[in-house]
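[1] I'd like to go over a predicted model; first the sequence, then the structure.
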Amino acid sequence: MNNNKLYPFERNRYYPGKMLTSADFQAEQNYHINKVRFLNGLMYGTGVICGMGVFSLDDQSVLIESGAAIDGHGREIIIDSSTVKKLSAIEGFDRVTGDVVRLCVRFREQEIHNVYSVNRSEDEKEYEYNRISEGYELFLIDKETEETSYTPETEFLTKETLFKSENYIGEVMIPSTVCKGKNVKIVLEIRKISSENVSLSCRGLLEMPAFATPEGEHEVEIGVENLNLAEGESLRKEYWVQVQDTPAVVTELILRSGTAFALEDDKAISTSSNFSLRVMLSGISPLGLVSSEIGKLNLEMRGIGLMDDSVPLADLKIVRTTNNYLIDTIIEDTVKKYILTPAQIPMSSHYLTYFEKEVDLTQKGVVSQEPVVHKSGGTMTEFSNIATGTLEVPIGKNARSGDIRYSGEIPHGLGPGNVYVDIGYSYISDDPELSLNQKCTFYGNPDLFSRKNEQMTDVETAVKVLNEKGSFVVAARLLRDVDYLTLSFRWVAIRFPSGDEMEMSEDYYDKSISVATPTVIMGTKESHFFSVRFNNMKATGITYELTSPGSGEISSDGVYTAPTKEGVYEIRIYCTEMPVICTYAYAIVRKKMIGESEDGGSSAGESGI
């Protein structure tokens, strides 16, 4: 594994009378060259910037288009003009033996311009090369013998092994930190690690207190049926869930004891009996979370992962005859890695609009010419029923009177229910009577404050509150032409209590909660999630507590961890805002005997102890 550092950087220090030698000039060149290559590798990574397409011209020749790439050392590889090559004329062809070969390109320097050396000593060459030309070299290798690039491991994912055998390995993974109120995916990855022709079926049930499926369930079944992979292949199954907006800062995904099994050709293999994935809950945005995780990698880890001296262009499937070969297929999509540069981002964003559907906020007869999604989170005040924040609505260039623009869907943070939202237009006033360059916010009609010498933008606004989703959307119509790009607003949201919440007394006779599995049998130090069902009432906050000391541990989201001592332990569960609505659950804790089936940890049923 290469680990050639380009730093620390060292440059010449000039002073009067300094004698410059070839080593000094070489140091001068190395300083600038290494600086550029260091930034190339750090900012852009490795891959093709543009061009370098590979096409078949005939049965034995390929065309490689002009293009640019960066290798793992940060060196620019330039193919300045399209070139045609016979495979047999490419470096490495005589050493490849497989039916699938990989075409790669690498940086190559060549000394040119042979000149007479004037001030040479007797042991030095009479002629020296005067220039170094930076070029490229194409070469072929067997696909199977290509070294896999090292990828630095981060702490972004937490994972556990669901099963492992001589043929397959299955792992469950999720980000170690997730964002409250956002979606996240749980991944089941299955890899084939042998050449045996065997099929796989597996299953397990994950309990997830702080997550919910689209159906509102707090558990998800994972697994596959009759999967058959070739050696080295892998399958990833994704299960999307939503992170609940809970006060907790940590939660767990628990594999329910006794639910995991795996079969290879109808033969059982060893599986994990019970595991938990510890996940942190954060209020940060996904972009902020990912940026923070990537930024944690230090220079040593980045340097180890960015030292490939070649860039793959395509895989070529060839058919060999006794004395010749034929090019059958050229595969680029899964081989070539592209670098997205800042100059390509506008074009990329435009092309993506053909694949990503924006939220349709237009009304009948009203069309937004440039629909834009822009989100700005609010800040909760010290009052739990009030929130405020800022937002910007981009309007684009050359906006005209009558144009309507929309914000994205903005969560106000007060939850679903009856919420009133008002917005004010933010404006920099230059009125001497109100203090020069004073930032103001207009609620209502700004015309009432206008002066003859004041250029004020007239804008008409409306707010659409999505009561069930706890969010709102802003529409703004221009009443005059403008030449700037955004409108800035300040918003304030106030949550009013519903009719039920305003009642001084409430009838609880038909409302109750129950535990999905009120009694469980479990081993010492095992974990179980007590899922709650709401009867004749909406879901609300739940509090869990142990009724006696030494009963184990119970988290705020209902994950119970058994103590080391055998016994029967009671857990009280009640509605946080209505403690009178409560129920009880029981854990029968006993040490498992050697050889005991995992079924011993299954539920004891709904009938209680």
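    Okay, I see it.

[2] residues in contact with the nearest residue to S88 once chain neighbours are set aside?
    Nearest in space to S88, with sequence neighbours left out and distances taken as CB to CB, 6 or more residues apart in numbering, is Q60 at 7.1 Å. Glycine gets a C-beta too; all of them are placed from N, C-alpha and C. Q60 makes contact with K86, L87, S88, N324, Y325, L326, I327 under the criterion CB atoms under 8 Å, 6 or more residues apart in numbering.

[3] and the gap between the closest residue to S61 other than its chain neighbours and N197?
    Closest residue in space to S61, ignoring its immediate chain neighbours: K86 at 5.0 Å, by CB to CB, 6+ apart. Distance check for K86 against N197: by CB to CB, to the nearest Å, it reads 38 Å.

[4] Can you turn the buried part of the contacts of Q60 into a ChimeraX selection?
    Selecting the buried subset of these in ChimeraX, with 16 or more other CB atoms under 10 Å as the burial test, is done by:
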select :87,325,327
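
[5] quick one: which of the contacts of Q60 is nearest G41?
    Relative to G41, the closest of the contacts of Q60 is L87; by CB to CB it sits at 30.7 Å.

[6] Enumerate every residue touching that closest one.
    L87 makes contact with Q60, S61, V62, F93, V101, L140, L316, I318, Y325, I327, according to CB under 8 Å, 6+ apart.

[7] Return the member of those residues nearest to P214.
    Closest to P214 out of the contacts of L87 is L316 (44.0 Å), distances taken as CB to CB.

[8] which non-adjacent residue is nearest that closest one?
    Of all residues beyond its chain neighbours, the one nearest L316 is V101 (5.2 Å), with distances taken as CB to CB, 6+ apart.

[9] that's a strand at the one you found, yeah?
    Yes - secondary structure assignment places V101 in a strand (DSSP: H, G, I helix; E, B strand; the rest coil).

[10] Might one say that it is in contact with D315?
    Yes - V101 is within contact range of D315, at 7.2 Å (criterion: CB atoms under 8 Å).

[11] Looking at these two, which one has more neighbours?
    When neighbours are counted by other CB atoms under 10 Å, V101 and D315 differ, and V101 comes out ahead with 27 against 20.

[12] returning to what we had before: identify, from the contacts of L87, the entry nearest to L487.
    V62 (53.7 Å).

[13] who's in contact with the closest one?
    When contacts are counted by CB under 8 Å, 6+ apart, V62 touches V54, F55, S56, V84, K85, L87, L103, L316, I327, I330.

[14] repeat that for 7 Å
    V62 makes contact with V54, F55, S56, K85, L87, I327, according to CB atoms under 7 Å, 6 or more residues apart in numbering.

[15] ok, what's across the strand from the fourth one?
    Think K85. Listed by DSSP bridges, the beta-bridge partners for K85 are V62.

[16] Neighbours of it, how many?
    Counted by other CB under 10 Å, the residues lying close to K85 total 16.

[17] And for the second one?
    When neighbours are defined as other CB under 10 Å, F55 has 14 of them.

[18] how about it, phi and psi?
    Backbone dihedrals for F55, given as degrees, to the nearest 10, come out at phi -130, psi 150.

[19] How about the first one?
    Note on V54: its backbone torsions stand at phi -120, psi 130 [degrees, to the nearest 10].

[20] From start to finish, how long is stretch 198-213 in a straight line?
    One end of stretch 198-213 sits 32 Å from the other (CA to CA, to the nearest Å).

[21] For beta bridges, what are the partners of the residue nearest to E233 when sequence neighbours are not counted?
    The shortest distance from E233 to any residue other than its chain neighbours is 5.3 Å, reached at K192 (CB to CB, 6+ apart). Residues found in beta-bridge contact with K192 (criterion: DSSP bridges) are Y168.

[22] about what we covered before: ok, what's across the strand from the residue nearest to L316?
    Beta bridges link V101 to D142, L316 when assigned by DSSP bridges.

[23] For T271, see how far away N167 is.
    When distance is defined by CB to CB, N167 is 14 Å away from T271.

[24] before we move on, what about S527?
    Distance from S527 to T271, by CB to CB: 17 Å.

[25] ok, now R320?
    As it turns out, when the distance is counted by CB to CB, R320 lies 44 Å from T271.

[26] now do S88
    Taking CB to CB as the measure, S88 and T271 are separated by 52 Å.

[27] what's the answer for N324, then?
    N324 sits 52 Å away from T271 when distances are taken as CB to CB.

[28] any chance you could map the strands in the stretch 251-400 of the chain?
    Taking DSSP state E, counting those that start in this stretch as the criterion, the stretch 251-400 of the chain carries its strands at 261-264, 267-268, 276-282, 310-320, 325-331, 378-380, 386-394.

[29] Put together a markdown table for those, with distance to E171 and mean pLDDT on each row.
    Output for the strands of the stretch 251-400 of the chain, formatted as a markdown table (distance: least, CB to CB, whole Å; pLDDT from 0 to 100):
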| stretch | distance to E171 | mean pLDDT |
| --- | --- | --- |
| strand 261-264 | 12 | 89 |
| strand 267-268 | 19 | 86 |
| strand 276-282 | 11 | 89 |
| strand 310-320 | 27 | 90 |
| strand 325-331 | 28 | 88 |
| strand 378-380 | 38 | 42 |
| strand 386-394 | 40 | 78 |
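
[30] Overlap of the contact sets of V101 and D315?
    Looking at what touches both V101 and D315 (by CB under 7 Å, 6+ apart), the common residues are K143.

[31] what's the overlap in contacts for N167 and T271?
    Common neighbours of N167 and T271, counting by CB under 7 Å, 6+ apart, are absent.
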